[in-house]
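Colleague: let me see the structure of the following:
(one chain, ligands or ions: 1)
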Amino acid sequence: MASDRFCLTCGVPLESDDIALYMKLISRMDRRFVCLDCLGRRLNCERDTLEKLIAYYRQSGRCVLFR
Ligand SMILES: [Zn+2]
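Modeller: Numbering: from 1, shown residues only. Below you'll find the model as predicted:
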């Protein structure tokens, strides 16, 4: 299971928020994840945008992935 906690693309350790956002934006079925930088590259957006999205989901309290 330990390998699940590293970015599939660049290998950096992942925060639980990185994984939660990946599940939210890409797929909940995936078992391997990428970090915010690589996710941003894939989605063609800034890491900053993704961090704001995480903050938004956390504050809204509606998403079970961000608790
Ligand atoms: Zn990465």
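Colleague: CA only for contacts and neighbour counts going forward, please
Modeller: OK.
Colleague: what does whatever helix or strand Glu51 lives in contact?
Modeller: Following DSSP states H and E, the helix or strand that holds Glu51 is helix 47-60. Applying C-alpha atoms under 8 Å, 6 or more residues apart in numbering, the set of residues contacting helix 47-60 from outside is 17, 21, 36-37, 40, 63, 66-67.
Colleague: possible to save these as JSON lines with distance to Ala55?
Modeller: Shown next, in JSON lines, are the contacts of helix 47-60 (distance: C-alpha to C-alpha, whole Å):
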{"residue": "Asp17", "distance to Ala55": "10"}
{"residue": "Leu21", "distance to Ala55": "10"}
{"residue": "Leu36", "distance to Ala55": "13"}
{"residue": "Asp37", "distance to Ala55": "16"}
{"residue": "Gly40", "distance to Ala55": "16"}
{"residue": "Cys63", "distance to Ala55": "12"}
{"residue": "Phe66", "distance to Ala55": "9"}
{"residue": "Arg67", "distance to Ala55": "11"}
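Colleague: quickly find the element holding Ile19.
Modeller: Going by DSSP H and E, Ile19 is part of helix 16-25.
Colleague: let's have the contacts of helix 47-60 in TSV, adding neighbour count and pLDDT.
Modeller: Output for the contacts of helix 47-60, formatted as TSV (neighbours: other C-alpha atoms under 10 Å; pLDDT from 0 to 100):
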residue	neighbour count	pLDDT
Asp17	18	94
Leu21	24	96
Leu36	23	97
Asp37	18	97
Gly40	16	97
Cys63	12	79
Phe66	19	84
Arg67	11	74
